[in-house]
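Novice: make a model of this:
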Amino acid sequence: MGYVNEMTHKERILAAMGKQETDYSPCLIFFNPLHKVTRENRKFNFPWGEHATTHDVVKYCLETWNIPQLVHFHIPSRRMHKDVTVKTWKEGSLLYKQYDTPAGPLRAVVECNAYWTHGDDIPLGTDWTANFKKAWIEDEKDLECMKYLFIPWEPSPDEFKSLKENFTRIKNFADQYRLPVSTPGGMGLTLGLQLFLPEKLCLKVIENPAIVHEFLEMEHQCNRKVIELAGNFGVDIIQRNGFYETCDFYSPKMLEEFLEKRISDEVALTHQAGMKMMYTAHTGIMPMLDYLNRLNIDCIFGIDIAFPGVDLNKIKVKLFDKKSLFIGPSSTHHLWNPDPQVTRNAVRTVYETFGKRGIILGPCVSMHSIMPWENLLAMIDEWKIINGLS
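Specialist: Model (predicted):
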């Protein structure tokens with residue numbers, strides 16, 4: 001194009017999300033340090049070390065590669081009813097956690113073994129579902145109790161003041177490096193899978209769809225409040241987690257039935273506030289392309305380009321006309337390969353298929369601390385070559 005660095009990182013990322021022209025296609029990397037249990041004593045490869053701060057990571061990425069990060073601003077989505085109490089206890093290898101609510105007790109039980117990463121706690125939402133002996137939600141009675149834990153967060157004057165002060169600090173940090181601010185804004189069936197457990201939720205959507213709708217509506221109202229507050233503060237991007245909202249678990253018709261209206265409403269609220277929405281969808285997406293196309297999401301993040309059955313040309317035809325893609329080498333298939341050339345080839349495939357407009361390059365979905373560091377360097381180097389930055 002004949003010009004470099006005419007845009008700030010924030011301008012470039014937001015323009016790419018909006019399918020607008022940019023001076024070059026941005027690169028954005030999410031880093032996952034992984035829990036020590038998951039690392040299994042393998043070498044920690046991030047050069048900033050295990051105890052780095054957000055500032056350390058941002059500074060390293062900018063000074064070393066001129067690559068930005070999203071600056072995250074967390075807004076509470078829910079609060080517990082004032083009369084709810086909580087307790088935890090152990091019985092042998094089993095860990096119990098119970099909320100006593102006005103509707104009765106709500107309990108989860110997990111096997112507390114070497115693979116449990118949460119210590120003496122059972123959070124409301126974890127990917128460690130294999131440890132559960134009793135799910136948080138099994139029936140309507142559990143859901144009625146859960147409603148006392150999912151009251152949309154309406155901040156008190158003091159809470160609002162504290163949140164605003166926190167946002168001002170984060171915004172000043174982001175502005176210092178000319179970076180966009182993002183806020184997590186909902187999980188839907190991703191959270192449902194964690195609370196009901198995967199197999200049980202897949203049966204619930206068939207055998208008892210009413211309880212799933214009721215759960216999703218409860219969560220949706222919390223999401224709406226987060227989006228409203230984020231827009232009032234001046235956040236740039238809402239990150240909607242749809243990782244487990246795919247045809248790995250549900251048919252396209254089920255996704256339409258349970259999610260389409262709710263996500264469309266959340267997107268509309270996001271756009272009314274002048275923000276953009278980025279939606280995570282990793283695997284199991286090929287049967288749901290028409291459904292995704294109908295959602296007015298700005299950017300789809302994390303499609304695994306090497307997953308069996310993925311057709312990038314079909315994705316281009318079905319989605320890329322209206323949506324930007326945050327896409328790149330597969331975390332599972334490319335970034336683990338011992339040959340960095342495999343990662344370079346993946347970068348070339350992305351740009352050869354989609355071009356540069358509307359593309360944000362990055363690992364899909366993240367660079368893990370135990371992956372070969374040479375692969376990330378190969379991805380960055382190939383991105384620079386293709387965009388005329390080397």
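Novice: please make it C-alpha for all contacts and neighbour counts, starting now.
Specialist: Noted.
Novice: helices of the stretch 201-350 of the chain, start to end?
Specialist: For the stretch 201-350 of the chain, applying DSSP state H, counting those that start in this stretch gives helices covering 209-233, 252-255, 261-272, 289-294, 312-319, 340-354.
Novice: which residues touch the third one?
Specialist: Right, helix 261-272. 217, 220, 223-224, 227-228, 231, 238, 276-277, 295-297 (C-alpha atoms under 8 Å, 6 or more residues apart in numbering).
Novice: quick check: the farthest pair among the residues you listed?
Specialist: For those, the farthest-apart pair by C-alpha to C-alpha is Glu217 and Lys276; their separation is 22.2 Å.
Novice: the more surrounded of those two?
Specialist: Neighbours per residue (other C-alpha atoms under 10 Å) separate Glu217 from Lys276, with Lys276 holding more: 23 against 16.
Novice: hmm, the more buried one is touching Ile237, no?
Specialist: Yes. Lys276 lies in contact with Ile237 (C-alpha atoms under 8 Å); the separation is 4.9 Å.
Novice: what sits up against stretch 173-190?
Specialist: Here stretch 173-190 makes contact (C-alpha under 8 Å, 6+ apart) with 8-10, 13-14, 68-75, 170-171, 216, 219-220, 222-223, 226-227, 230, 235-245, 259.
Novice: show the pLDDT at Lys36.
Specialist: Lys36 is assigned a pLDDT of 85 by the prediction.
Novice: with Val4 instead?
Specialist: Listed pLDDT for Val4 reads 46.
Novice: relative to Lys97, how far out is the closest residue to Met286 other than its chain neighbours?
Specialist: Nearest non-adjacent residue to Met286, counting by C-alpha to C-alpha, 6 or more residues apart in numbering: Val310, 6.4 Å away. Taken as C-alpha to C-alpha, to the nearest Å, the spacing of Val310 relative to Lys97 amounts to 41 Å.
Novice: drop anything exposed from the contacts of helix 261-272.
Specialist: Neighbour counting by 16 or more other C-alpha atoms under 10 Å classes 217, 220, 223-224, 227, 231, 238, 276-277, 295-297 among the contacts of helix 261-272 as buried.
Novice: and which of these is nearest Lys134?
Specialist: The shortest gap between Lys134 and any of the buried ones among the contacts of helix 261-272 belongs to Glu217, at 23.1 Å (C-alpha to C-alpha).
Novice: quick check: closest non-adjacent residue to the closest one.
Specialist: Arg262 (7.8 Å).
Novice: now do Glu382
Specialist: Of all residues not flanking Glu382 in the chain, Arg344 sits nearest, at 5.9 Å (C-alpha to C-alpha, 6+ apart).
Novice: and for the residue nearest to Met286, the neighbour number?
Specialist: Val310 has 17 nearby residues by other C-alpha under 10 Å.
Novice: and the pLDDT at it?
Specialist: We note a pLDDT of 98 for Val310 in this prediction.
Novice: select the helix or strand of the protein having the lowest average pLDDT value.
Specialist: Every helix and strand of the chain was ranked by mean pLDDT, DSSP states H and E. The lowest is helix 36-39, at a mean of 87.
Novice: buried ones in it?
Specialist: Going by 16+ other C-alpha under 10 Å, helix 36-39 has no buried residues at all.
Novice: now stretch 48-68
Specialist: Neighbour counts over stretch 48-68 (16+ other C-alpha under 10 Å) mark 57-61, 67-68 as buried.
Novice: the spatially most central residue of the chain and Gly192: what is the separation?
Specialist: Nearest to the mean C-alpha position of the chain, counting by C-alpha atoms, centre = their mean, stands Asn241 at 4.2 Å. Per C-alpha to C-alpha, Asn241 is found 12 Å from Gly192.
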